[in-house]
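Colleague: give me the fold of what follows.
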Amino acid sequence: MAKAGTVVLPHRAVLLVDDDPLIAESLQFVLRRRFDVTVANTVESAMAAVRAMPVPPALALVDLGLPPDPHSPTEGYRLITELLAFAPEMKIVVLSGQNDEAHARHARVLGAIEFVAKPCAPDLIEAALQRGCNLLQWEQATEQTSVEGGLIGDSSPIRKLRMQIRQYASAPFPVLVVGESGTGKELVARSLHDQGTHADRPYLVFNCAAIAPSLVEAALFGHSKGAFTGAIGGKAGFFEGAGEGTLFLDEIGELPMELQAKLLRVLETGDFQRVGETQPRFNRARVLAATNRDLREESRHGRFRVDLYHRLSVFTIEMPTLRTLGPDKLLLMAHFRERYAEQAGMPPFELSDECKQAWLDYSFPGNVRELRNIVIRLIARYPGRTLNQAELLPEFELTSPPPDPQPVSGSHAQVLSSQLQQAMKELQRHPDFHLDKMLKEWERCYIDAAMKLAGGNVSQAAKLLGINRTTLYGRLSNEDKRVSGGAG
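Modeller: You can find the predicted model right below:
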């Protein structure tokens, strides 16, 4: 059974996302000689296309300026984040007329491997996509033998991580792995399986963010023939496929509320049913889960079941961010440098003493994924060279993050009183006042503000707004439909 949301060979499938029909058609014509190209023009149409594919595309070519705000990179940032949540191994090349180095750096922090400014020659785009293909081949060629199967580093957080893995690996209870994107949560889950008593049994990964909510139940539990349109035969789900091995539920915070009760039942009793069946089946797999959300906070706001959270977090492992690992940053750099230089058949680069210090000082907001991608680009650009700061620093996002929202001054009662006075003035001033219209305008303002503060990351914006990510998606989609309908 394939891993949900995972890129699988061949490497020639490309998702092209650009809202300019002429550019999209031209690139599709040029690229189709070497790639199988699927075209989309918005975040929503792109994600719909990817979810409809039996296997996610290996590559994506993404324009940052997309509707409904084509003059801002926000939608492009959002798409990068969502594509990598869906298929973490996907290689994304950003193609944008917004030739701003700050945009390029942030796109790379989010996980894009390269940034190509418009206009550019088609052969440059083909070369960038080919490098993405090569990277996928290198990763899959070394997947079974790489020392990445063990944790690299000797810092205190890494030593604690190794100790927790040894302690929890053979326990029969669930483990919840929490941490920022790019910190290696799946690596820890795999280590828990490999070091446990069931290492010779199946290890399956189910990405809860990569499956349409309506299909999650059938994917997890299986379905009978005729259970729904298109179910031409019975099929086992991931729980059955894992057998007596391990089932890793990635992005567990995205699991729809209606399925959380069913997952809780499986964890408590082992019982589940295929969709369309009444016959009970029994789960023998060990369940691991991971999330970049604070599930305790989600539970307090009713977006995640409290009882499920407590059941999943019998053991909890908190992933350290790269900014806390000190000298381990250089060890990771050396590991990826040797690994990918060998695969590329190129001599590795070196860092000057000043560059080593800059490397240690940089926070790597994209964590290990960002570090690895920087190393790969440096190998391609400076093989066998000793880098200076002028060559290294352009790879870093050195701008300050958006400031935290400032709390409203004054007591809560004073704020409410001020708002009441303002509302009374608005009603007196505008006899044709419409409450629904005003509420929608305020909602859109807060959504726009949250998206800007989160740099286009929908999950982070949803946290700022105190709503579920799927709820925010729905409201963004409804607004897009309203705008496009009005433009017609």
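Colleague: ok, the residue nearest to the spatial centre of the chain - contacts?
Modeller: Using CA atoms, centre = their mean, the residue of the chain that lies closest to the mean C-alpha position is residue 85, 2.6 Å off. The neighbours of residue 85, taking CB atoms under 8 Å, 6 or more residues apart in numbering as the test, are 181, 207, 209, 210, 251, 459. The C-beta positions use only the backbone N, C-alpha and C, and glycine is treated the same way.
Colleague: and the fourth one, how many neighbours?
Modeller: Using other CB atoms under 10 Å, residue 210 has 24 other residues around it.
Colleague: quick check, pLDDT for the residue nearest to residue 335 when sequence neighbours are not counted.
Modeller: In space, not counting the residues next to it along the chain, residue 335 is nearest to residue 152; the distance is 5.3 Å by CB to CB, 6 or more residues apart in numbering. If you check residue 152, the pLDDT there is 89.
Colleague: and the helices in the stretch 51-200 of the chain?
Modeller: Assigned by DSSP state H, counting those that start in this stretch, the helices in the stretch 51-200 of the chain fall at 74-86, 101-110, 122-141, 156-168, 185-194.
Colleague: need these in TSV (columns: mean pLDDT and distance to residue 466).
Modeller: Shown next, in TSV, are the helices of the stretch 51-200 of the chain (pLDDT from 0 to 100; distance: least, CB to CB, whole Å):
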stretch	mean pLDDT	distance to residue 466
helix 74-86	91	19
helix 101-110	85	23
helix 122-141	83	37
helix 156-168	94	30
helix 185-194	94	24
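Colleague: ok, the residue nearest to the centre of the chain to residue 465 distance?
Modeller: Computed with CB to CB, to the nearest Å, the distance linking residue 85 and residue 465 is 18 Å.
Colleague: ditto for residue 274
Modeller: 37 Å.
Colleague: who's more crowded, the two?
Modeller: Using other CB under 10 Å, the more surrounded residue of residue 274 and residue 465 is residue 274, with 22 against 19.
Colleague: just to check, that one is in contact with residue 221?
Modeller: Yes: judged on CB atoms under 8 Å, residue 274 makes contact with residue 221 at a distance of 5.7 Å.
Colleague: tell me how far residue 260 lies from residue 82.
Modeller: 22 Å.
Colleague: pick out whichever of these two has more residues nearby.
Modeller: Shown here are residue 260 and residue 82; by other CB under 10 Å, residue 82 has more neighbours (22 against 16).
Colleague: contacting residues for the residue nearest to residue 456 when sequence neighbours are not counted?
Modeller: Nearest residue to residue 456, sequence neighbours excluded (CB to CB, 6+ apart): residue 77, at 2.8 Å. Counting by CB under 8 Å, 6+ apart, residue 77 touches 64, 106, 107, 110, 455, 456, 457.
Colleague: with residue 458 instead?
Modeller: Contacts of residue 458 by CB under 8 Å, 6+ apart are 78, 81, 82, 451, 469, 472, 473, 476.
Colleague: distance of residue 336 relative to residue 288?
Modeller: Distance from residue 336 to residue 288, by CB to CB: 25 Å.
Colleague: apologies, that question was intended for residue 105.
Modeller: Residue 105 is 34 Å from residue 288, by CB to CB.
Colleague: which one's more surrounded, these two?
Modeller: Neighbour tally, residue 105 and residue 288, criterion other CB under 10 Å: the higher count belongs to residue 288, 28 against 17.
Colleague: returning to that earlier point: from the contacts of residue 77, pick the one nearest residue 437.
Modeller: The closest of the contacts of residue 77 to residue 437 turns out to be residue 456 (CB to CB; 26.9 Å).
Colleague: surely that closest one touches residue 74?
Modeller: Yes: under the criterion of CB under 8 Å, residue 456 makes contact with residue 74 at 4.4 Å.
Colleague: what about the stretch 351-488 of the chain, any weak spots by pLDDT?
Modeller: 399-433, 455, 477-488 (pLDDT under 70).
Colleague: mind running it again at 50?
Modeller: Within the stretch 351-488 of the chain, the segments meeting pLDDT under 50 span 400-418, 483-484, 486-488.
Colleague: tell me which stretches of it form helices.
Modeller: Using DSSP H, counting those that start in this stretch, helices in the stretch 351-488 of the chain cover 353-361, 367-381, 389-392, 412-429, 435-453, 458-465, 469-487.
Colleague: need the three-state assignment for residue 338.
Modeller: helix (DSSP: H, G, I helix; E, B strand; the rest coil).
Colleague: now do the same contact list for the residue nearest to residue 459 when sequence neighbours are not counted.
Modeller: Leaving aside its sequence neighbours, residue 459 sits nearest to residue 469 (CB to CB, 6+ apart; 5.1 Å). Applying CB under 8 Å, 6+ apart to residue 469 gives the contacts 253, 254, 458, 459, 462.
Colleague: most neighbours, which of the residues you listed?
Modeller: Of the contacts of residue 469, with other CB under 10 Å as the count, residue 462 tops at 24 neighbours.
Colleague: hmm, it is touching residue 476, no?
Modeller: No: assessed by CB under 8 Å, residue 462 is found out of contact with residue 476, at 10.3 Å.
Colleague: so what sits against both of the two?
Modeller: Both residue 462 and residue 476 lack any common contact, where contact means CB under 8 Å, 6+ apart.
Colleague: now do the strands in the stretch 151-300 of the chain.
Modeller: Per DSSP state E, counting those that start in this stretch, the stretch 151-300 of the chain carries strands over the ranges 175-178, 203-207, 246-250, 271-272, 281-282, 286-291.
Colleague: and of those, who's closest to residue 57?
Modeller: Ranking the strands of the stretch 151-300 of the chain by proximity to residue 57 (CB to CB) places strand 203-207 first, at 15.4 Å.
Colleague: sheet-wise, list the partners of that closest one with their directions.
Modeller: strand 246-250 (parallel) (DSSP bridges).
Colleague: that older thread, so which of the strands of the stretch 151-300 of the chain gets nearest residue 158?
Modeller: Of all the strands of the stretch 151-300 of the chain, strand 175-178 sits nearest to residue 158, with 14.7 Å by CB to CB.
Colleague: and residue 289, what is it in contact with?
Modeller: 174, 175, 176, 177, 248, 249, 250, 252, 312.
Colleague: tell me how many other residues crowd the third one.
Modeller: In other words, residue 176. Neighbours around residue 176, by other CB under 10 Å: 23.
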